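[1] okay, sequence plus prediction incoming.
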Amino acid sequence: MRKNIVAGNWKMNNDLSESKKLVKGIKKAIKKKELKNTRVIVSPTYVSLSAVVKKAKKSAIEVAAQNMHQADNGAYTGEISADMLKSVGVKIVILGHSERREYFGETDALLAEKVDQALKNKLEIIFCFGEVLEDRKNDNHFKVVESQIKNALFHLDAKAWKNIVLAYEPVWAIGTGETASPEQAQEMHAFIRNLVANKYDAKVADNVSILYGGSVKPANAKEIFSKQDVDGGLIGGAALKTEDFVALIDAI
Ligand code: PGA
């Protein structure tokens, strides 16, 4: 049975002390909650990963990195390897975020390499994808999403999918205050699950968590999360305040 996930992507926000404070607040707030089938993940910047992993100990909070380099090691100034993430206790990595694609030129081909590298290192992946506004307007959104998933993930065997979480994030909804309607999210999520079922089988498709991302906030989360194929969210802005993030966990 697939899990629900509430994942906070802190992006380039929160210095070390702010990161510690935020994770501490979340830890305290969820201590007595019965999370049942829900995973709680936070994703701070690299410099705070180690401290946040330590603070999250003895809690349900899991910690993800926001990116990772595709090589084992070497002369890649400014980059971080899978080994380095593991060495500070990180077990999850976000790959393919639209900001990485847009501002740092990450292509499907590069992401396929990063996916392989993460899996080789037994890291779980939250794999992001989604169409830009123009694709949606031109009715190309299904085609775009299909090719993003195929190009970066469909070379994997069925077993590898145990370590994949999908995150549909329409670019026009990220940080814009504009959300996909619950119906638009459900329609796309069902399409994605069907893609996976056709490529692999119904079991792989049933077991993969598909998150929605793009201006999820306490006011709209419940309705979005209630949709059958929406298994939680990848949240940016609303993950930066303890009360908001906890409200999102309550909404699932
Ligand atoms: P947002 O970001 O919630 O601020 O729209 C979501 C994301 O980029 O993961």
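    Perfect, thanks for sending it.
[2] what segments of this structure are strands?
    Ranges of strands within the chain are 4-9, 38-43, 61-65, 92-95, 124-129, 164-168, 210-213, 232-235, based on DSSP state E.
[3] pick the most buried one from those.
    Ranked by mean neighbour count under mean count of other C-beta atoms under 10 Å, these are led by strand 232-235, which reaches a mean of 28. No exception for glycine: its C-beta is placed from N, CA and C like everyone else's.
[4] how far is that strand from where the chain is centred?
    With C-alpha atoms, centre = their mean, to the nearest Å as the basis, strand 232-235 stands 7 Å off its chain's centre.
[5] elements contacting it?
    Under the contact criterion of 3 or more C-beta pairs under 8 Å, 6 or more residues apart in numbering; DSSP states H and E, strand 232-235 touches strand 4-9, strand 210-213, helix 218-225, helix 242-250.
[6] one more pass at 10 Å, please.
    If you count contacts as 3 or more C-beta pairs under 10 Å, 6 or more residues apart in numbering; DSSP states H and E, strand 232-235 packs onto strand 4-9, strand 38-43, strand 164-168, strand 210-213, helix 218-225, helix 242-250.
[7] what comes up buried for the helix or strand of the chain with the lowest mean pLDDT?
    Between all helices and strands in the chain, the lowest mean by mean pLDDT, DSSP states H and E belongs to helix 133-137, at a mean of 93. Neighbour-count burial for helix 133-137 flags Asp135, Arg136 (criterion: 16 or more other C-beta atoms under 10 Å).
[8] contacts only, for Ala239.
    Ala239 makes contacts with 6-11, 13, 22, 26, 41-43, 216-217, 233, 245, 248, as judged by C-beta atoms under 10 Å, 6 or more residues apart in numbering.
[9] now do 7 Å
    By C-beta atoms under 7 Å, 6 or more residues apart in numbering, the residues touching Ala239 are Gly8, Asn9, Trp10, Phe245.
[10] could I get the residues you listed as JSON lines with pLDDT and distance to Ala205?
    Rendered in JSON lines, the data for these read as follows (pLDDT from 0 to 100; distance: C-beta to C-beta, whole Å):
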{"residue": "Gly8", "pLDDT": "98", "distance to Ala205": "26"}
{"residue": "Asn9", "pLDDT": "98", "distance to Ala205": "25"}
{"residue": "Trp10", "pLDDT": "98", "distance to Ala205": "30"}
{"residue": "Phe245", "pLDDT": "98", "distance to Ala205": "29"}
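[11] any stretches of the protein with poor pLDDT?
    Within the chain, no stretch has pLDDT under 70.
[12] up against the ligand, what does it have?
    Residues of the chain lying close to the ligand by C-beta under 6 Å from any ligand atom are 9, 169, 174-175, 213-216, 234-238.
[13] repeat that with 8 Å
    Counting by C-beta under 8 Å from any ligand atom, the residues of the chain close to the ligand are 9, 11, 97-99, 128, 167, 169, 173-176, 213-217, 233-239.
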